[in-house]
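> Quick one: sequence plus predicted model below, questions after.
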Amino acid sequence: MGKRTTIYDIANRLNISTTTVFRALNGKDRVSEETRKLVEDAAKEMGFKANKVAKSLARNTIRLGLIIANSIPEFHDEIIRGAKAAYEELADFNVTFDYFSTGPDQQGQRREILDRMDEMKDKGYEGILLLPCGDMRGMHEKIHELSACSIAVASVVSDILGSECIFSLRQDAMKSGKIAAELLWWFTANKNIAVFTGYKNIGVHPEVIEGFYEGCKIKPLNIIGIYENHDDPELAYYTTGKVLDKYPELEGIYVSTANSIAVCKKLKESGHAGRIKVVASDFFPELHKYMEEDVIHASVFQDPYNQGRLALKYLYWNIAEGRTFDRNILLKPQIILKSQMDSFMDRQN
């Protein structure tokens with residue numbers, strides 16, 4: 001028996017969204033007659049049988065939630081925006097979506113996240129997408145508790161190693177680290193480099209560092225130190241000053257998280273902007289300014305919008321359709337240079 005045609009197949013064939021296909025096949029508005037006919041003709045030709053939508057309307061509403069530790073709003077708000085976009089695409093499939101974003105106080109983030117996980121369990125959520133904070137205490141036990149209640153938990157941006165998450169969707173951190181090492185090898189003369197990360201041993205951060213070390217085996221760099229900034233802008237600003245004072249021979253900095261603005265600010269104030277080559281991570285308006293001023297020389301884009309968007313859709317597909325996925329779903333990083341940074345800004349707008 002051949003594979004059954006789905007609305008995803010029709011959408012891919014016509015290069016339109018699944019929401020448009022759904023609306024066209026079910027007499028909904030906001031679809032032109034021309035598009036409706038194209039969809040109906042493709043569905044007939046491909047042997048599509050409309051049953052998913054009927055099933056989604058017949059079953060109970062699926063409740064999905066996003067819980068996010070929001071330390072760097074420029075980055076983490078993009079995760080939320082992507083998840084909201086996914087919900088808009090799924091809105092006709094009998095789904096509801098809520099999100100909770102913690103405050104910036106990292107001391108209280110862990111408690112906020114655990115409390116909200118309990119609240120979503122008590123309210124009958126079927127799926128929770130989780131972006132954890134640096135303090136993982138209690139996370140494994142809570143995820144186990146939710147799993148035992150048949151609540152699917154997945155992580156985005158950073159994995160929770162050893163947990164019962166059904167998948168972790170994030171950047172290919174190893175590749176990001178390798179890319180950064182190669183860029184700094186080209187940018188610097190004597191190869192004296194410092195790495196600023198979030199946490200050395202938690203989540204996605206050790207993967208990035210491992211990738212950077214792997215890159216250094218091919219393009220040798222002198223790593224003077226790896227410094228934890230815990231997604232804290234004030235700590236990043238302070239650390240930058242200490243490293244500049246201690247290592248006047250420093251030529252390059254790799255900021256392996258989105259916490260780069262405070263680093264750039266300190267470089268400008270101390271007169272080192274431009275001389276020290278910076279490879280940052282991600283892209284947002286203030287980073288655009290520093291790249292325009294040649295304070296940042298390249299950035300490795302983690303695509304937080306699509307991380308949030310895809311992770312929520314994968315979670316829905318697992319619950320509604322029983323699809324299973326690899327434990328690790330990795331998105332390819334992209335290099336942003338000054339010459340094409342405006343195209344990335346257009347994407348965010």
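Now that the structure is in, tell me what you want to look at.
> Could you tell me whether residue 193 really is in a strand?
Yes. Residue assignment for residue 193, taken from DSSP: H, G, I helix; E, B strand; the rest coil, places it within a strand.
> need the strands for the stretch 51-200 of the chain, in chain order.
According to DSSP state E, counting those that start in this stretch, the stretch 51-200 of the chain carries its strands in the segments 62-68, 95-101, 127-131, 152-156, 168-171, 192-197.
> Tell me how far residue 78 lies from residue 206.
Using C-beta to C-beta, to the nearest Å, we find residue 78 at a distance of 23 Å from residue 206. C-betas here are computed from N, CA, C, even on glycine.
> which of the two has more neighbours?
Comparing residue 78 with residue 206 by other C-beta atoms under 10 Å, the one with more neighbours is residue 78, at 24 against 17.
> Let's see the pLDDT reported for the nearest residue to that one once chain neighbours are set aside.
In space, residue 78 comes closest to residue 304 once its chain neighbours are excluded; the distance is 3.8 Å by C-beta to C-beta, 6 or more residues apart in numbering. Looking at residue 304, its pLDDT is 95.
> OK, contacts around residue 304?
Residues near residue 304 by C-beta atoms under 8 Å, 6 or more residues apart in numbering: 75, 76, 78, 79, 82, 157, 258, 282.
> Residue 90 now?
Applying C-beta under 8 Å, 6+ apart, the residues contacting residue 90 are 97, 312, 313, 316.
> cool, and residue 130?
Remark: with contacts taken as C-beta under 8 Å, 6+ apart, residue 130 is in contact with 66, 67, 68, 113, 117, 143, 153, 154, 155, 156, 160, 165.
> before we move on, back to that, just tell me which of the strands of the stretch 51-200 of the chain ends up closest to residue 16.
Counting by C-beta to C-beta, residue 16 lies closest to strand 95-101 out of the strands of the stretch 51-200 of the chain; the figure is 20.0 Å.
> Note down every partner strand of the closest one and its orientation.
strand 62-68 (parallel) (DSSP bridges).
> residue ranges with poor pLDDT in this structure?
Applying pLDDT under 70 to the chain flags the ranges 1-3, 27-28, 49-59, 347-349.
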